[in-house]
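**Student:** next one to model:
(one chain, ligands or ions: 2)
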Amino acid sequence: MSQITDAIREHHKEIQTKIAETTARATERGTAEDLDAMLRVLREDLMPHARGEEKELYPAIDPLVAAHARPTATMSIDHEHIEAYVKAIGAVVERARSAKDPELAALRSDLHDLIERLRAILDLHTEKEERVYLPLIDTAMPADAQARLLEEIHASAEATKDPTLDVRSLAPARRHGVIFETFGALAEGQGFVLLNDHDPKPLYYQFSAEMPGTFSWEYLERGPDWRVRIARTRKAA
Ligand SMILES: [Fe+2]
Ligand SMILES: [Fe+2]
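**Tutor:** Ligands and ions are numbered 1, 2, ... in the order given. Down below sits the predicted model:
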């Protein structure tokens, strides 16, 4: 790190701290002074920072990115955050299923905040893709390359989808055997979606007893058909 990057990080931290403090006061206490203080930070600290970056920093960084970096690296960081929010939302929903007030009310409020934050990132992310990248495809990518890319996108969307194991037409006595066989063939990180006509809770207990700590269990649909994503989190000892 250098003097300039240290200074930029330092400045970011300073603005973030000021925003956190003044927005907390403005939304919790909310006196006229609190609201003014918040607006001052947004208008007189945050906006000049952003304008300064547009004018001086980004023009200096553009050629560096072109020469040394992956220009879509910033988008991949968005995806990391999107994935983390989806996980966090799933965890809150799981806890909310069995919670009662006042915990339930607190979880609903957490859920609301998480969804708002996810949507803010998602809206921005989608706009970046559509305003910056898609026009490049339209204007700078030959038609045959466009067609190939579309095929590859479809194929990889299919390949990353989990296969479905539909046990509804199997005799009940055979179901667990087939499911354990399917699970047994999974590599670490792989999963499948179990499709069943009732809550496969007994199966969950059997998994927990026979291979604790090696699987994840995630309800995707709860009736009339039941879908559960079962994945291998680590190899059995
Ligand atoms: Fe910045
Ligand atoms: Fe994306």
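
**Student:** gap between stretch 220-235 and the chain center?
**Tutor:** Centre-to-centre, stretch 220-235 and its host chain are 19 Å apart (Cα atoms, centre = their mean, to the nearest Å).

**Student:** oops, could you answer that again for stretch 21-33 instead?
**Tutor:** With Cα atoms, centre = their mean as the basis, the mean position of stretch 21-33 lies at 30 Å from the chain mean.

**Student:** let me see the mean pLDDT of that stretch.
**Tutor:** Confidence for stretch 21-33, expressed as mean pLDDT, is 96.

**Student:** separation between Ala209 and Ile121?
**Tutor:** 40 Å (Cβ to Cβ, to the nearest Å). C-beta coordinates here come from the backbone N, C-alpha and C atoms, glycine included.

**Student:** more neighbours: which of the two?
**Tutor:** Neighbour totals were compared for Ala209 and Ile121, and Ile121 leads with 15 against 8 (other Cβ atoms under 10 Å).

**Student:** check the residue nearest the centre of the chain and give its pLDDT.
**Tutor:** The residue lying closest to the centre of the chain (Cα atoms, centre = their mean) is Glu83, at 1.9 Å. Glu83 carries a pLDDT value of 94.

**Student:** what about it, helix or strand, and which?
**Tutor:** helix 73-97 (DSSP states H and E).

**Student:** okay, buried residues for that helix please.
**Tutor:** Neighbour-count burial for helix 73-97, counted by 16 or more other Cβ atoms under 10 Å, picks out 78, 85, 88-89, 92.

**Student:** of the residues you listed, closest to Leu195?
**Tutor:** Distances from Leu195 to the buried residues of helix 73-97, taken as Cβ to Cβ, are shortest for Ile89 (23.2 Å).

**Student:** how many neighbours does the closest residue to the closest one other than its chain neighbours have?
**Tutor:** Computed as Cβ to Cβ, 6 or more residues apart in numbering, the closest residue to Ile89 that is not its neighbour in sequence is Leu114, at 5.1 Å. Leu114: 18 surrounding residues under other Cβ under 10 Å.

**Student:** so who does Leu114 touch?
**Tutor:** Leu114 makes contact with 85, 88-89, 92, according to Cβ atoms under 8 Å, 6 or more residues apart in numbering.

**Student:** which among the residues you listed gets closest to Pro224?
**Tutor:** Ile89 (24.5 Å).

**Student:** wait, that closest one touches Asp110, no?
**Tutor:** No - counting by Cβ atoms under 8 Å, Asp110 is not a contact partner of Ile89; they are 9.2 Å apart.

**Student:** nearest to Glu188 among the buried residues of helix 73-97?
**Tutor:** For those, the nearest to Glu188 is Ala88 (22.8 Å; Cβ to Cβ).
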